[in-house]
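Novice: Here is the input, now give the coordinates:
(one chain, ligands or ions: 2)
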Amino acid sequence: MEVSFGKEVRQLRLGGGETLHGEGILAITKALLQSGVAYVGGYQGAPVSHLLDVMVQAADYMAELGVHVEACSNEASAAAMLGASIHYPLRGAVTWKSVVGTNVAADALSNLASPGVMGGALIIVGEDYGEGASVIQERSHAFAMKSSLLLLDPRPQLPNMVRMVEQGFALSEACNTPAILQLRVRACHVRGSFECRDNVPPAVSRKALLAEPARFDYEKLAHPPATFRQEKLKTEQRLPAARRYIVEQGLNEIFAGRRSVASDDVGIIVQGGLHNTLVRALQQFDLADAFGAAEFPILALNVTYPLVPEQIADFCRGKRAVLVVEEGQPEYIEQEIATTLRRQDLGTAIHGKDLLQMAGEYTVEVVAAGLVKFLARHAADLPLAAAQDWLTANAARRQAVAAQLAAPLPPRPPQFCTGCPERPVFSALKLAQANVGPVHVAADIGCHSFATFEPFGFGHTILGYGMSLASRAGVSPMLGRRALAVMGDGGFWHNGLLTGVESALFNKTDAVLLIMKNGYTAATGTQEIISTPDEEQKAGAPDKRLSLVDRNQTIERTLTGLGVTWLRTVPSYEVDAMRRTLEEAFTTDAGGLKVIVAEGECQLERQRRVKPWLASLLKAGQRVVRVKYGVDDDVCSGDHSCIRLSGCPTLTLKDSDDPLKVDPVATVIEGCVGCGLCGENAHAATLCPSFYRVEVVQNPGFGERLLAAVRRGVIDWMQPA
Ligand code: SF4
Ligand code: SF4
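Specialist: Numbers count the residues shown, from 1 in each chain. Ligands and ions are numbered 1, 2, ... in the order given. Modelled structure (predicted):
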């Protein structure tokens with residue numbers, strides 16, 4: 001990974017009394033070190049990638065502290081890493097994106113939660129829910145409930161987030177239960193500051209080794225008959241201990257209201273992570289000030305599982321009505337609160353999903369709309385007009401904008417980076433299908449999933465990260481034409497090798513697997529994998545895009561070692577060669593699994609490496625050649641078939657100066673990285689000959705200057721101004 005987190009790494013070193021300014025996720029990372037964490041692992045994914053990325057780049061400092069950091073191959077291996085805290089007094093933290101990562105980790109989580117832990121175990125999940133989400137909309141809450149894991153949802157304010165990390169470890173140890181710390185996208189990126197404490201080197205660490213392994217203890221295995229006792233321990237000891245600790249340490253926060261608390265008053269119970277949103281919504285009513293002080297009492301649940309029935313009952317007792325603000329469905333918290341009140345025979349009215357929307361992100365507007373209904377019913381004396389006016393004005397503004405548009409705005413889906421090596425592969429697939437007919441395409445998670453959008457529209461299903469090959473297992477036998485599974489090298493190592501390749505070989509599957517070997521787990525931030533070219537390889541070929549990833553043959557060796565016999569490696573940018581190879585794979589008489597490795601380094605990562613290198617050459621006055629592509633306006637026929645075959649953002653349209661050309665012509669704008677696809681497509685698809693390739697020479701030699709001057713002179717003579 002060529003991105004530098006040097007500033008963040010320096011902030012991790014801040015000591016007691018110093019102030020850290022930054023984002024929530026950095027505060028969480030620092031808080032781990034302040035808590036004496038001994039080991040950290042995880043699998044990257046928004047919005048928590050930053051944690052592991054920073055830790056990995058802080059390797060020297062981690063070694064100083066004796067902290068072990070591991071970039072795990074998937075979330076299951078990260079969750080299994082927490083097994084270290086079962087027998088040893090080691091505090092450990094792992095991280096991943098949820099809910100998808102928690103799904104992958106679920107097996108290990110169950111086996112961890114059952115015996116419980118001795119050292120504090122914290123699972124920091126990026127709860128990717130809401131408008132900016134990139135995964136299925138489900139809640140991690142369900143995992144906490146089913147496995148009796150603690151679930152922390154800290155109020156997004158940096159000192160509180162830091163406190164919840166430190167208390168999360170202590171809580172985990174107090175009840176021998178692993179804890180999930182859930183961070184929404186906004187919590188990860190909320191900015192603020194907090195006063196640091198010194199980092200705490202762990203008592204047992206890479207620098208202070210254990211003399212002996214723990215003694216054998218069958219009771220610590222998630223294996224019958226121990227599991228029967230462990231279930232009883234969860235309900236009879238661990239969860240009660242957790243509830244005691246939550247109350248004693250004041251983990252949940254009660255904000256007294258400014259309004260006098262009369263016996264018939266109202267209150268709000270909110271997930272900690274939604275507290276800021278709630279306060280902002282109350283501000284629309286003038287019912288909260290800029291510092292968050294609200295008109296009536298709020299119980300902010302920094303721990304959303306387990307709830308403490310007595311605390312809930314105490315908060316609700318004497319109130320006419322309480323609103324539960326809980327994002328996502330189903331309404332686990334609301335149901336539990338309702339049950340608690342019924343069991344305690346309390347008559348407080350409970351509202352939540354009956355007044356707030358059931359699913360989707362709880363934005364300020366959504367919460368305000370629910371509050372209007374709640375307060376109108378139970379506190380009609382409060383001033384609601386301002387908020388009602390605000391909501392009405394928002395709706396009117398939207399309607400006015402919609403009315404001004406002749407048609408809805410076209411969708412603007414994400415797409416491949418300019419010059420991405422994966423785009424040419426799908427151009428080739430488009431051409432191949434024109435010859436062999438349409439094929440079933442099992443898509444996967446990764447940058448290549450952008451091919452599901454225009455101009456490609458490839459991908460019948462996406463069943464999970466690395467699952468494409470497995471997901472076509474039931475389709476292949478039912479189709480007359482071979483199915484294609486597309487997978488990235490990140491997905492291959494995450495899961496695809498075992499769930500897909502191993503299974504396909506064992507079952508003698510007749511299918512085609514296309515592996516995008518770009519050298520990184522590109523979609524999550526170009527993290528390195530086992531097949532990433534090493535520094536020596538990169539240093540030896542800073543400007544080579546085709547052969548760089550070729551130098552690491554781990555994927556190819558693994559495939560041949562497993563028994564793949566039909567294996568072709570094709571440079572991604574060679575569209576015609578890729579088309580021919582795909583056609584061969586779809587039509588060959590050879591049975592079994594056919595694997596095509598499309599080889600081309602991630603362009604984003606390549607540019608991060610090449611740009612500084614070129615700048616250094618220019619600074620030193622050395623000759624630099626950059627390739628650019630262009631379209632000759634006079635030749636372009638305006639049929640746009642090149643755009644339909646490419647989708648590159650720098651290959652676009654412009655109005656033609658030619659009065660005989662009604663349609664706009666193609667043009668290449670600034671930003672073209674000269675990947676060569678335009679030329680390859682023009683050749684492979686026999687497009688019009690309007691594309692040209694130029695070499696921009698900086699710091700040219702004397703001979704080149706002379707030649708250029710002669711050429712300019714000849715052109716000026718032939719085309720006088
Ligand atoms: S990050 Fe790399 S692999 Fe992903 S779209 Fe951009 S260039 Fe392509
Ligand atoms: S050569 Fe064509 S496809 Fe490649 S970056 Fe330039 S415009 Fe885009």
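
Novice: Excluding chain neighbours, what is closest to residue 348?
Specialist: residue 316 (4.3 Å; CB to CB, 6 or more residues apart in numbering). Quick note: C-beta positions are derived from backbone N, CA and C, even for glycine.

Novice: Please apply the same query to residue 696.
Specialist: residue 626 (4.6 Å).

Novice: ok, and does the helix or strand containing the one you found reach over to ligand 2?
Specialist: When elements are assigned from DSSP states H and E, residue 626 belongs to strand 624-631. Yes - when contact is scored as CB under 6 Å from any ligand atom, part of strand 624-631 falls within range of ligand 2: residue 629.

Novice: which stretches of the stretch 101-250 of the chain form helices?
Specialist: According to DSSP state H, counting those that start in this stretch, the stretch 101-250 of the chain carries its helices in the segments 141-147, 158-174, 185-189, 226-233, 239-248.

Novice: Among these, show the one with the smallest mean pLDDT.
Specialist: Taking the average pLDDT of each of those, the minimum falls on helix 185-189, with a mean of 93.

Novice: closest point of the stretch 501-650 of the chain to ligand 1, which residue?
Specialist: residue 602 (3.3 Å; CB to the nearest ligand atom).

Novice: Run a quick check on residue 532 versus residue 517, I expect a contact.
Specialist: No - counting by CB atoms under 8 Å, no contact exists between residue 532 and residue 517, whose distance comes to 10.4 Å.

Novice: Wait, a strand at residue 366?
Specialist: No - membership of residue 366 in a strand is not supported by DSSP: H, G, I helix; E, B strand; the rest coil, which gives helix.

Novice: Spatially nearest residue to it (excluding sequence neighbours)?
Specialist: In space, residue 366 is closest to residue 357, 5.8 Å off (CB to CB, 6+ apart).

Novice: okay, now the one you found: neighbour count?
Specialist: A count of nearby residues for residue 357, using other CB atoms under 10 Å, gives 14.

Novice: Can you tell me the SS state at it?
Specialist: Judged by three-state DSSP, the three-state class of residue 357 is coil.

Novice: ok, the residue nearest to residue 696 touching residue 693?
Specialist: No - Residue 626 lies out of contact with residue 693 (CB under 8 Å); the separation is 11.4 Å.

Novice: Strands along the stretch 401-550 of the chain, start to end?
Specialist: Counting by DSSP state E, counting those that start in this stretch, the stretch 401-550 of the chain forms strands over residues 441-443, 461-462, 484-488, 511-517, 520-521, 527-528, given from the N-terminal end onward.

Novice: In CSV: the ones you listed, plus mean pLDDT.
Specialist: Putting these into CSV (pLDDT from 0 to 100) gives the following:
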stretch, mean pLDDT
strand 441-443, 98
strand 461-462, 98
strand 484-488, 98
strand 511-517, 97
strand 520-521, 94
strand 527-528, 92
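
Novice: Lowest average confidence across helices and strands of this structure, where is it?
Specialist: Across the helices and strands of the chain, mean confidence by mean pLDDT, DSSP states H and E is lowest for helix 535-540: a mean of 73.

Novice: How about the residues of the stretch 401-550 of the chain by ligand 1?
Specialist: Of all the residues in the stretch 401-550 of the chain, those lying near ligand 1 are 416, 417, 420, 422, 447, 518, 522, 523, going by CB under 6 Å from any ligand atom.

Novice: quick one: which of the residues you listed is nearest residue 299?
Specialist: Closest to residue 299 out of those is residue 523 (39.0 Å), distances taken as CB to CB.

Novice: quick one, helices of the stretch 501-650 of the chain?
Specialist: Listed in chain order (using DSSP H, counting those that start in this stretch), the helices of the stretch 501-650 of the chain are 503-506, 535-540, 554-562, 575-587, 603-619, 641-646.

Novice: In TSV, list those helices along with distance to residue 126.
Specialist: Shown next, in TSV, are these (distance: least, CB to CB, whole Å):
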stretch	distance to residue 126
helix 503-506	30
helix 535-540	29
helix 554-562	28
helix 575-587	35
helix 603-619	21
helix 641-646	33
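
Novice: related to what we said a few turns ago, deepest of the helices of the stretch 101-250 of the chain, which one?
Specialist: Highest mean neighbour count among the helices of the stretch 101-250 of the chain (mean count of other CB atoms under 10 Å): helix 158-174, with a mean of 22.

Novice: which helices and strands sit right next to that helix?
Specialist: helix 24-34, strand 121-127, strand 150-152, strand 179-184, strand 191-195, helix 239-248 (3 or more CB pairs under 8 Å, 6 or more residues apart in numbering; DSSP states H and E).

Novice: average model confidence for stretch 80-95?
Specialist: 98.

Novice: typed the wrong thing, it's stretch 307-324
Specialist: For stretch 307-324, the per-residue pLDDT averages 97.

Novice: returning to what we had before: any chance of the strands of the stretch 401-550 of the chain in CSV, with mean neighbour count too?
Specialist: As requested, those are exported to CSV (neighbours: other CB atoms under 10 Å):
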stretch, mean neighbour count
strand 441-443, 24
strand 461-462, 16
strand 484-488, 30
strand 511-517, 27
strand 520-521, 27
strand 527-528, 18
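
Novice: and residue 331, which of those strands is closest to it?
Specialist: Checked against CB to CB, the stretch from the strands of the stretch 401-550 of the chain lying closest is strand 461-462, at 28.3 Å.

Novice: Go through the strands of the stretch 401-550 of the chain and name the closest to ligand 2.
Specialist: Going by CB to the nearest ligand atom, the one of the strands of the stretch 401-550 of the chain nearest ligand 2 is strand 511-517, 16.7 Å.

Novice: mind listing what's buried in stretch 352-365?
Specialist: Going by neighbour count (16 or more other CB atoms under 10 Å), the buried part of stretch 352-365 is 352, 353, 355, 356, 361, 362, 364, 365.

Novice: got these as JSON lines, with distance to ligand 2 and pLDDT columns?
Specialist: Formatted as JSON lines, the buried residues of stretch 352-365 follow (distance: CB to the nearest ligand atom, whole Å; pLDDT from 0 to 100):
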{"residue": "352", "distance to ligand 2": "50", "pLDDT": "98"}
{"residue": "353", "distance to ligand 2": "48", "pLDDT": "98"}
{"residue": "355", "distance to ligand 2": "51", "pLDDT": "98"}
{"residue": "356", "distance to ligand 2": "46", "pLDDT": "98"}
{"residue": "361", "distance to ligand 2": "35", "pLDDT": "96"}
{"residue": "362", "distance to ligand 2": "40", "pLDDT": "97"}
{"residue": "364", "distance to ligand 2": "40", "pLDDT": "97"}
{"residue": "365", "distance to ligand 2": "40", "pLDDT": "97"}
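
Novice: wait, which of the residues you listed is closest to residue 597?
Specialist: residue 361 (39.7 Å).
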